[in-house]
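# next one to model:
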Amino acid sequence: MQADLPDSRFSRHLRSMATSHPTIAYFVTPHGFGHAARACAVMQAMRLARPDVRFEIFTTVPRWFFAESLSAAFGYHPLETDIGLVQTSSLHEDLPATIRRLSAFHPFDPGLVRQVASHLRELRCSLVVCDIAALGIACAEAAGLPSALVESFTWDWIYTGYLPALEERSEREQLQRVIHYLADWYVRADYHIQTEPVCAPTVADLITPPVGRLRRQTPEATRESLGIPHSARVVLLTMGGVPWSYGFVDRLTHHPDTCFVIPGGGDRRERNGNVLMLPRQSGWYHPDLIAASDGVVGKVGYSTLAEVYQAGKPFGYVLRPRFP
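Okay, here's the model as predicted:
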């Protein structure tokens, strides 16, 4: 993210917290890794504003992802914070399955909200930040805590884009109920932060440029650690945090003048000529891989877009057929 948290009503609240060593709860949607990456960038910026802050993270995104991205200790609490979209691959969603799970999850279970709210009080949290997981806003309200919503889109906006695709009246009605329910919760956040590019601009306490994690080392150092010559042309292929089968890898070897790096492309590090496959937990920081590349090709996910933008790299993107 930017080196510091921009001045706003929210950042002034953060700096004015009377408690020494304040604790902030962070609820993150588990829809891929993009929202978690943005949350990490925000947490790093918040730590610059308040070096004594501690974070308690609520999500089902794997703990290792946050350990790889954050510079200080944090608490991790496995919790299904929202449904997002049920996906069969990075590019294809299962809409009927999504609607079934949404209907089972909403409205929020009052017992779960009370339980999590009690946990927030036990952790002595002073603030709850949500990356589009509206459950966090409900739990903050139940705990008597202020909440902040961080978004470039919210789920009610995404789901509205799918309504025309639904032929069954019952499915449209179920999804419409969820849309209204989530919209009602989103407006109850005490602070509203939008991160560009914004899908549905509205009045907010803070609108920021694209928010992404910063690289940690020079492109030259990253290339050296990967065994790639500094003079080579490098293209990074990335499909985000959802599993994807790269069935075209053999064809990449027909372009020997370019080195292709594919994070999450396999279970272990493997080199096949000019193609380097890396596991999900590869030890290489994703923003460093982007910075070391000459270009990136992949799915349009928020954090990929933001980190490519920050690195100033060209981006060849693949659209999801129905994703708004």
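
# what about the helices in the stretch 101-250 of the chain?
110-122, 135-143, 155-162, 169-186, 219-226, 249-252 (DSSP state H, counting those that start in this stretch).

# of all those, which lies closest to Tyr26?
Ranking the helices of the stretch 101-250 of the chain by proximity to Tyr26 (CB to CB) places helix 135-143 first, at 8.0 Å. C-beta: built from backbone N, CA, C; applies to glycine.

# and the angle for that closest one with helix 110-122?
70 degrees (axes from the mean of the first three to the mean of the last three CA atoms, to 10 degrees).

# which strands or helices does helix 135-143 pack on?
Contacts defined by 3 or more CB pairs under 8 Å, 6 or more residues apart in numbering; DSSP states H and E place helix 135-143 against strand 23-28, helix 110-122, strand 125-131, strand 147-151, helix 169-186.

# columns distance to Leu70, mean pLDDT and mean neighbour count on top of the ones you listed, output as TSV?
Below are these laid out as TSV (distance: least, CB to CB, whole Å; pLDDT from 0 to 100; neighbours: other CB atoms under 10 Å):
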stretch	distance to Leu70	mean pLDDT	mean neighbour count
strand 23-28	10	97	26
helix 110-122	20	98	15
strand 125-131	14	97	26
strand 147-151	16	98	25
helix 169-186	26	97	16
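
# reformat the helices of the stretch 101-250 of the chain as CSV; add distance to Pro210.
Output for the helices of the stretch 101-250 of the chain, formatted as CSV (distance: least, CB to CB, whole Å):
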stretch, distance to Pro210
helix 110-122, 30
helix 135-143, 23
helix 155-162, 18
helix 169-186, 21
helix 219-226, 20
helix 249-252, 29
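
# for Thr29, find the nearest of those.
So among the helices of the stretch 101-250 of the chain, helix 155-162 is nearest, using CB to CB, at 8.0 Å.

# tell me which residues of that closest one are tucked away?
155-160, 162 (16 or more other CB atoms under 10 Å).

# in contact with the spatially most central residue of the chain, which residues?
Centroid-nearest residue in the chain, with CA atoms, centre = their mean: His35, separated by 1.1 Å. By CB atoms under 8 Å, 6 or more residues apart in numbering, His35 lies in contact with 28-29, 61, 131-132, 302-303.

# cutoff 7 Å now
28-29, 131-132 (CB atoms under 7 Å, 6 or more residues apart in numbering).

# now Tyr181
Counting by CB under 7 Å, 6+ apart, Tyr181 has contacts 106-107.

# any idea how far it lies from Arg188?
12 Å (CB to CB, to the nearest Å).

# mind showing which ranges of this structure have poor pLDDT?
For the chain, the stretches flagged by pLDDT under 70 are 1-5, 11, 13-20, 241-243.

# which residues in it form strands?
Under the criterion DSSP state E, the chain contains strands at 23-28, 54-59, 75-78, 125-131, 147-151, 191-195, 206-208, 233-238, 258-263, 270-272, 275-278, 295-299, 315-318.

# would you reformat those strands as TSV and include distance to Glu220?
TSV is the format used below for these (distance: least, CB to CB, whole Å):
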stretch	distance to Glu220
strand 23-28	33
strand 54-59	32
strand 75-78	34
strand 125-131	33
strand 147-151	33
strand 191-195	30
strand 206-208	30
strand 233-238	12
strand 258-263	15
strand 270-272	20
strand 275-278	17
strand 295-299	17
strand 315-318	22
